[in-house]
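*Asks:* structure for the following, please:
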Amino acid sequence: MNQQKHNTEDTLTDIFGSKEMRSPAPTEFIPKDKTAPEIAYQLVKDETYPQTQPRLNLATFVTTYMDDYATRLMNEAININYIDETEYPRVAVMCGRCLNIVANLWNTPEKAEWKTGALGIGSSEACMLGGVAAWLRWRNRRKAAGKPFDKPNLVMSTGFQVVWEKFCQLWQIEMRTVPLTLDKPTLDIEEALKVCDENTICIVPIAGVTWTGLDDDIEGLDKALDAYNRKTGYEIPIHVDAASGGFILPFLRPEKKWDFRLKWVLSISTSGHKYGLVYPGLGWVVWKDKKYLPDEMSFSVNYLGANITQVGLNFSRPAAQILGQYYNFIRLGFEGYREIQQNSMDIARYCHQQIGKMPCFRNYAKEVVNPLFIWMMNPEYDKKAKWTLFDLQAALQQSGWMVPAYTMPKNIDDLIVMRIVVRQGMSRDMADMLLGDIRNAVAEFEKLQYPTPSRIKYENKEHQKGKVYTH
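*Replies:* Modelled structure (predicted):
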């Protein structure tokens, strides 16, 4: 009886007067005793406080805001495993509907009732599936022709996202990259075709390059590749990595040909949890027709009393994101998506314009083609500066902003840039607050008498290279 009374009183103790709040959080071993739920909740919640608030995180492409009804729907489905199609058949139907909608946004020519595609936990899995399909199609053609199939390669620019490096390592495929340069800030089509051969499984252009926010010229690539394939007799296809652009181009530039309207584009992947406006993690991959999805990628499993055919690297996966995506399609419609993406684009262009006016900076590209952009130090200003963009990142972080500074890919890796990604949830007022914080930080940097540690490190590095840093 006393023990029961003690437990009850312990539960009712004010959270911040409890013994757990004056004890270190567990780091190695599971605690011996139970903890009241409200105290456990507060302990975990407190761990998240010394972080950037999600909507101030301008480094991420990932959705950080959804409306209350979307959040409610997803919370109510948090305990549903998508793979249990027998138990949750309507989730599978909604997934198929989402694939249909995405495929039609990309102008699929497929006439089947259900378009050929697959769900992914993020665009990384979707990219992997597109790559595997291209590899298997190439391998099967080589086998049928009695030719060797042990040296596959893939071609793309050095602006690739790390998933492609993972894909090539895991499947033992040679990655042939075309360097980005200041003169050629997107995939150089001529150079890409130079490194292609009979073992090339596909070329991967990017709609929304992570490093820069620019789009590769996919229509130009398709035209050049068509001539190349006719000349060589090869059948090198295109897989478009549209992690960001897949939900931007259909709404803001519907006239632009980058999708299944092009002859050699056989598959496209995108991220539902980026500009698809759904909380992570969600990805989609669509093929031009069922014949481009190799049979070997479909696995039939007898699971919970039913045969389930699955295309994917993961088995169990959350269903909540599917509901979130389908809700968005219904709630927003084409016009709602267009308005949100246009707002993000307008705010990105406003920030681009304002930053470009600051004497200390220079924008990397003249045009903003996706709701993100990068900038660098003005070369003349940089010669006398006592700070770097890494210092600006740290200063902005003190105000809660996460605006990343980083070096560019190989060949231009001496170039330091900063990037802003504008998403749903970023307003013009927030943009003005950010720009004000940037101006204030620069004003403080210009009062410095001595270089910052990052500036010293940077200048030493450039001195060791034996060159003067230029843009």
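
*Asks:* domain ranges for this structure, per the record?
*Replies:* 71-330, 333-458 (the TED database).

*Asks:* most tightly packed of those?
*Replies:* Highest mean neighbour count among the domains of the chain (mean count of other C-beta atoms under 10 Å): domain 71-330, with a mean of 19. Where C-beta positions appear, they are placed from N, C-alpha and C, glycine not excepted.

*Asks:* right, so of the domains of the chain, which gets closest to E28?
*Replies:* Among the domains of the chain, the nearest to E28 by C-beta to C-beta is domain 71-330 (28.0 Å).

*Asks:* so how far is stretch 26-38 off the chain centroid?
*Replies:* Taking C-alpha atoms, centre = their mean, to the nearest Å, one finds stretch 26-38 lying 35 Å from the centre of the chain it belongs to.

*Asks:* please apply the same query to stretch 419-426.
*Replies:* Distance, centroid of stretch 419-426 to centroid of chain: 13 Å (C-alpha atoms, centre = their mean).

*Asks:* now it: mean pLDDT?
*Replies:* The pLDDT scores in stretch 419-426 average 95.

*Asks:* hmm, who's touching that stretch?
*Replies:* With C-beta atoms under 8 Å, 6 or more residues apart in numbering as the contact definition, stretch 419-426 has outside contacts at 55, 58-61, 63-65, 211, 213, 274-275, 277, 340, 343-345, 347-348, 351, 371-374, 403-404, 406, 431, 434.

*Asks:* closest one to Q42 among the domains of the chain?
*Replies:* domain 71-330 (19.8 Å).

*Asks:* how long is the closest one end to end?
*Replies:* 15 Å (C-alpha to C-alpha, to the nearest Å).

*Asks:* one step back: between the domains of the chain, which gets nearest to Y49?
*Replies:* Using C-beta to C-beta, those put domain 333-458 closest to Y49, at 11.6 Å.

*Asks:* between the two ends of that closest one, how far is it?
*Replies:* 49 Å.

*Asks:* now do that domain: distance to the chain's middle.
*Replies:* 19 Å.

*Asks:* how close does D183 get to I412?
*Replies:* Going from D183 to I412 by C-beta to C-beta, to the nearest Å gives 10 Å.

*Asks:* so when I look at H352, I'm seeing a strand, right?
*Replies:* No - using DSSP: H, G, I helix; E, B strand; the rest coil, the assignment for H352 is helix, not a strand.

*Asks:* residues in contact with it?
*Replies:* 363, 368, 373, 375.

*Asks:* repeat for V285
*Replies:* 117-118, 120, 126-127, 129-130, 267-270.

*Asks:* which of those lies closest to Y450?
*Replies:* Of the contacts of V285, the one sitting nearest to Y450 (C-beta to C-beta) turns out to be C127, at 45.8 Å.

*Asks:* which among the domains of the chain is found nearest to E20?
*Replies:* domain 71-330 (26.0 Å).

*Asks:* that closest one: how far from the chain's middle?
*Replies:* With C-alpha atoms, centre = their mean, you get 13 Å for domain 71-330.

*Asks:* would you reformat the domains of the chain as a markdown table and include distance to D14?
*Replies:* Below are the domains of the chain laid out as a markdown table (distance: least, C-beta to C-beta, whole Å):
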| stretch | distance to D14 |
| --- | --- |
| domain 71-330 | 28 |
| domain 333-458 | 29 |
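
*Asks:* farthest-apart pair in the contacts of H352, please.
*Replies:* The widest separation within the contacts of H352 (C-beta to C-beta) is 11.1 Å, between V368 and W375.

*Asks:* coming back round to it: identify the farthest-apart pair in the contacts of V285.
*Replies:* For those, and using C-beta to C-beta, no pair is farther apart than G117 and C127, which are 13.5 Å apart.

*Asks:* mind checking which of the contacts of stretch 419-426 are in strands?
*Replies:* 372-374, 406 (DSSP state E).

*Asks:* could I get those residues in TSV, plus columns for distance to R331 and pLDDT?
*Replies:* Formatted as TSV, these follow (distance: C-beta to C-beta, whole Å; pLDDT from 0 to 100):
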residue	distance to R331	pLDDT
L372	25	97
F373	29	97
I374	32	97
Y406	35	95
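
*Asks:* and which of those is nearest to P205?
*Replies:* L372 (17.5 Å).

*Asks:* list the contacts of that closest one.
*Replies:* L372 neighbours (C-beta under 8 Å, 6+ apart): 61, 208, 213, 244, 348, 419-422.

*Asks:* may I see those organised as TSV, with distance to L221 added?
*Replies:* Shown next, in TSV, are the contacts of L372 (distance: C-beta to C-beta, whole Å):
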residue	distance to L221
F61	23
G208	15
G213	19
S244	18
A348	25
R419	25
I420	28
V421	25
V422	27
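
*Asks:* and the closest residue to A385 other than its chain neighbours, backbone torsions?
*Replies:* Using C-beta to C-beta, 6 or more residues apart in numbering and skipping the chain neighbours, the partner closest in space to A385 is M377 (6.5 Å). Here is the backbone geometry of M377 (degrees, to the nearest 10): phi -80, psi 140.

*Asks:* if M377 is in a bridge, with which residues?
*Replies:* On the basis of DSSP bridges, M377 is bridged to F361.
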